[in-house]
Structures are given as C-alpha cells and as structure tokens.
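[1] Turn this into a model:
(one chain, ligands or ions: 1)
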Amino acid sequence: MADHTTNGNFSSPSLRLKLGLAEMLKGGVIMDVMNVEQARIAEEAGAISVMALERVPAMIRAEGGVARMASPKLIKQIIAAVSIPVMAKARIGHFAEAQVLQHLGVDFIDESEVLTPADETYHIDKHAFTTPFVCGARNLGEALRRIAEGAAMIRTKGEPGTGDVVHAVQHMRQIVREIKALTVLGDEELYNAAKVHGAPYELVRMVAKAGKLPVPNFSAGGIATPADAALMMQLGAETVFVGSGIFMKERATPLDVENDPKEREEAVSRARAIVIATTHFNDPKIVAEASESVIGSMKGLAAAAIEEQDLMQTRGW
Ligand SMILES: O=C(CO)[C@H](O)[C@H](O)COP(=O)(O)O
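    A predicted model of the protein is given here:
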C-alpha cells in the first residue's frame with residue numbers, strides 16, 4: 001500500500017529519500033536536452049541534472065500537436081550517456097507514462113504542463129511511485145495541492161518556451177508573498193487560510209511555522225539568459241530549469257550541436273554562462289562576465305502577446 005502521508009508528516013523513509021535527492025539538486029541548473037550530444041554539453045557545462053524530452057517548449061509552441069513523454073529509447077540513451085541525474089516528463093494525470101518513466105530508471109519525473117495534459121481533473125497520485133516527482137505551481141495553493149499528492153519538489157511556473165521571464169517572476173513573487181503572509185497569522189486564522197488556498201490545513205500550518213515550503217522550490221519557464229537565472233535565484237528560486245534558452249536557434253529550430261562546430265560552441269557558451277550566473281547569482285561582476293561570454297541568444301516571444309488559451313502555465317489545477 002502506498003504511503004499517503006504527506007499531509008504534515010515528512011518522516012516516512014520513502015519521502016525522506018525523495019526529498020534527499022531534491023535537496024541535492026539545489027543551487028544548480030537543470031537543462032532540457034533533446035539528444036545525447038546536448039546531454040553531454042549540459043553535463044560538461046556543469047548542469048546539476050538534465051531533463052530528457054523530444055521537443056523543448058519553444059518547439060512545442062511553434063509546431064503544435066500533442067506533446068507526450070519522450071521515447072524510452074531516447075531516455076535510455078541519455079541515462080547511459082551522462083552521470084548526472086536524469087529527469088523526464090509525464091503528461092499531467094498520465095500515470096501510465098509515469099510508470100514507464102519509473103521503470104526506465106529516471107531519477108525524477110516531471111508531471112509537466114509543458115506536455116499536453118492527459119487528465120483535466122486529476123493529477124497523478126505521486127505517493128504510488130518510488131521515483132520522486134516535481135510539479136509546477138503558480139501560487140501557494142497549487143504548490144501545496146501538488147505536495148499533498150506526493151510531489152517532492154515544486155518549480156514555480158513561468159511561461160515556457162518564450163524566453164520571457166516575466167511570468168516566472170510573477171509566480172515566484174506570488175508564492176514568496178503568500179508564504180510570508182502565512183507566517184504572521186494566528187493559529188485560529190490558519191484554518192481559514194487553508195480554505196482560501198484550497199490546500200490541506202496541516203501543510204498550511206507547516207508553511208506558516210517554517211516560513212518556507214516543506215520541499216525545495218525551484219523555478220522554470222522563460223528563463224533564457226544568465227541574468228534571468230540570477231534574477232530568479234535572488235527572488236528565491238533554489239535552482240533553475242532552463243530549456244529553450246540554451247539549445248534553440250530559431251523558435252522551431254535547435255542549434256545543430258551534432259554536426260556544426262560553431263553552433264555547438266554557441267550552445268556550450270550559453271550553457272556554461274547560465275551555470276556560472278546561477279552559482280554566483282549575487283555577484284553582478286561574475287554575472288556580467290558570464291553574460292559577455294554568451295554567443296547568440298534564443299529568439300524570444302513576449303508572453304503578453306500569447307492568447308489565454310495558448311498559455312501552458314494554466315494547465316494544472
Ligand atoms: O518544463 C520544464 C521544467 O519542468 C522546462 O524545463 C522548462 O519549463 C523549460 O522552459 P523554457 O523552455 O522556457 O526554459
């Protein structure tokens with residue numbers, strides 16, 4: 001029987017193991033990779049983990065269609081190619097994709113709004129898995145609902161595939177603000193706060209007492225430059241996910257890192273610079289030097305220009 005005890009009880013051995021891995025990923029960059037060569041570049045540049053997927057969000061956005069879990073063949077190749085932890089994405093609610101990913105031995109499963117949702121009501125029961133999960137959230141209530149379902153890591157959402165950091169900032173600021181607001185409430189007020197946030201009382205109480213989420217809080221979506229990474233870290237992210245900003249040339253075209261040495265060099269420069277800026281996020285001199293070393297940049301898309309129904313961040317409940 002799966003252990004369904006997240007609500008205020010973080011002492012179960014399986015949950016502690018999951019949280020242990022999440023804690024180990026703090027302070028770094030998790031990079032989306034679409035092939036083995038990109039995974040090698042990410043590892044050499046100092047990424048703390050890679051996310052195996054077939055199309056980064058910018059490509060999914062440009063090409064459309066149904067975005068699903070990556071092929072097991074690709075995931076196995078990437079696991080074999082690198083020594084850092086490998087994550088992969090399952091569609092929201094698609095527990096069978098998650099079962100496959102667990103079977104393949106990925107280190108973290110991302111139940112991700114970047115893929116086309118499989119279920120419009122239910123997220124995956126993440127307690128039923130031994131592999132840890134990360135989920136996105138735009139606000140505290142969403143984060144705590146995912147934690148109640150068993151997520152061992154939260155990443156505040158941005159708008160993926162845009163190269164526009166504005167929504168990542170908005171969501172991080174919102175969650176930090178909502179956490180701070182809980183810390184000054186009296187015990188009797190926390191019951192109402194739980195109702196307002198649509199989250200379990202025990203988790204709300206834990207956050208109020210600790211002044212932080214009970215799992216690591218990372219940031220993802222729209223982070224495309226070294227300065228973006230430094231910004232998110234200063235706003236409270238404990239690690240950043242970067243996808244489209246590193247390996248994309250045009251909106252739907254990745255840099256050809258396998259066959260074109262110049263394009264490979266461009267990707268390497270971006271990957272290295274983002275890692276350096278994330279590590280030294282409080283040092284503008286180092287962030288400036290890292291920014292200067294970058295060759296080229298992703299073509300961005302203003303998040304404000306995207307129609308409501310085309311947003312990825314609104315997927316998930
Ligand atoms: O889904 C993700 C994390 O879970 C992606 O890694 C992230 O959202 C990528 O977004 P972008 O391409 O804007 O960097």
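[2] Do me a favour and get the end-to-end distance for stretch 130-147?
    Taking CA to CA, to the nearest Å, stretch 130-147 runs 15 Å from one end to the other.
[3] which parts of that stretch are buried?
    131-147 (16 or more other CB atoms under 10 Å). All C-beta spots, glycine's among them, are computed from the backbone N, C-alpha and C.
[4] from those, which ones fall inside strands?
    Of the positions in the buried residues of stretch 130-147, 133-137 sit in strands, assigned by DSSP state E.
[5] I'd like those residues as CSV, with distance to Glu188 and pLDDT appended.
    Shown next, in CSV, are these (distance: CB to CB, whole Å; pLDDT from 0 to 100):
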residue, distance to Glu188, pLDDT
Phe133, 33, 98
Val134, 34, 98
Cys135, 30, 98
Gly136, 32, 97
Ala137, 26, 97
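[6] So which of these would count as near the ligand as well?
    Among these, no residue is within reach of the ligand (CB under 6 Å from any ligand atom).
[7] Tell me if I'm right that Phe108 and Lys89 touch.
    No. Between Phe108 and Lys89 there is no contact under CB atoms under 8 Å: 9.9 Å.
[8] Now the terminal residues of stretch 110-127, how far apart.
    Using CA to CA, the end-to-end distance of stretch 110-127 comes out at 14 Å.
[9] nope, stretch 105-125 is what I meant
    Length of stretch 105-125, first residue to last, CA to CA: 18 Å.
[10] now the helices: where do they sit in the chain?
    Here the chain has its helices, by DSSP state H, at 13-24, 36-45, 57-63, 72-81, 95-104, 140-148, 166-183, 187-197, 201-210, 226-235, 244-247, 261-279, 284-292.
[11] and stretch 155-165, how far from the chain's centre?
    The chain centroid and the centroid of stretch 155-165 are separated by 9 Å under CA atoms, centre = their mean, to the nearest Å.
[12] Grab the CA positions of that stretch and hand them over as CSV.
    Presented in CSV, the C-alpha positions along stretch 155-165 are these (Å, rounded to 0.1, in the frame of the first residue of the first chain):
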residue,chain,number,x,y,z
ARG,A,155,9.0,24.5,-9.5
THR,A,156,7.3,27.8,-9.8
LYS,A,157,5.9,28.1,-13.3
GLY,A,158,6.7,30.7,-15.9
GLU,A,159,5.5,30.7,-19.5
PRO,A,160,7.7,28.0,-21.0
GLY,A,161,9.2,28.4,-24.5
THR,A,162,9.0,32.2,-24.6
GLY,A,163,12.4,33.3,-23.4
ASP,A,164,10.3,35.9,-21.5
VAL,A,165,11.0,35.7,-17.7
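[13] Can you confirm whether it lies near the ligand?
    Yes. With CB under 6 Å from any ligand atom as the criterion, the ligand is reached by stretch 155-165 at 155, 160-161.
[14] right, and Asp164 touches Ala302 too?
    Yes. With contact defined as CB under 8 Å, Asp164 reaches Ala302; the gap is 5.6 Å.
[15] Those two: which is more packed in?
    Neighbours per residue, other CB atoms under 10 Å: of Asp164 and Ala302, the larger number sits with Asp164, 22 against 11.
[16] so what pLDDT did the residue nearest to that one when sequence neighbours are not counted get?
    In space, and not counting its chain neighbours, Asp164 is closest to Ala303: 4.2 Å by CB to CB, 6 or more residues apart in numbering. As predicted, Ala303 sits at a pLDDT of 86.
[17] Touching, Ala303 and Gly161? I think so.
    No. Checked against CB under 8 Å, the pair Ala303 and Gly161 is beyond contact range at 9.7 Å.
[18] End to end on stretch 80-93, go ahead and measure it.
    Per CA to CA, the first residue of stretch 80-93 is 28 Å away from its last.
[19] With stretch 301-308 instead?
    Stretch 301-308 has an end-to-end distance of 15 Å (criterion: CA to CA).
[20] Also stretch 306-315?
    Using CA to CA, one end of stretch 306-315 lies 15 Å from the other.
[21] That stretch - what's its average pLDDT?
    pLDDT averaged over stretch 306-315 gives 88.
[22] and if you look at stretch 43-61?
    95.
[23] how about CSV for the helices of the chain, with distance to the ligand added?
    Shown next, in CSV, are the helices of the chain (distance: least, CB to the nearest ligand atom, whole Å):
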stretch, distance to the ligand
helix 13-24, 13
helix 36-45, 12
helix 57-63, 4
helix 72-81, 14
helix 95-104, 13
helix 140-148, 12
helix 166-183, 8
helix 187-197, 22
helix 201-210, 22
helix 226-235, 9
helix 244-247, 3
helix 261-279, 10
helix 284-292, 17
